[in-house]
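S.K.: no FASTA, just this:
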């Protein structure tokens, strides 16, 4: 869904999330080597999907969380796995 900004024209609607075993967690940033969660959580090392929706376009990256996620830190390292069709 796109939105118009009356002063500047266009503003994309962006949604970032981590999906693990059917559970979704909101992300504030994604990068080539890691993700940043909006709120801390505890998760053991596992496979996950990083999902980025920009307007009506979706990209999905299958990743491995080698260190899991620590409740003391919102950053988690990721390693790429086989690409998922988007």
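M.R.: Yep, that arrived. Since we're looking at a predicted model, the values are computed, not measured. Numbering: from 1, shown residues only.

S.K.: From here on, just use CA atoms for contacts and neighbour counts.
M.R.: Noted.

S.K.: wait, doesn't residue 45 sit right on residue 63?
M.R.: No - using CA atoms under 8 Å, residue 45 is not in contact with residue 63; the gap is 10.6 Å.

S.K.: Looking at the two, which has the bigger crowd around it?
M.R.: Taking neighbours as other CA atoms under 10 Å, residue 45 and residue 63 compare with residue 63 leading, 22 against 13.

S.K.: Leaving aside the residues adjacent along the chain, what's closest to the more buried one?
M.R.: Take residue 63 and drop its neighbours on the chain: the residue closest to it by CA to CA, 6 or more residues apart in numbering is residue 80, 4.5 Å away.

S.K.: mind listing what the one you found touches?
M.R.: The contact partners of residue 80, by CA atoms under 8 Å, 6 or more residues apart in numbering, come to 61-64.

S.K.: ranking those residues by neighbours, who comes first?
M.R.: residue 63 (22 neighbours).

S.K.: can you tell me the helix or strand for that one?
M.R.: strand 57-65 (DSSP states H and E).
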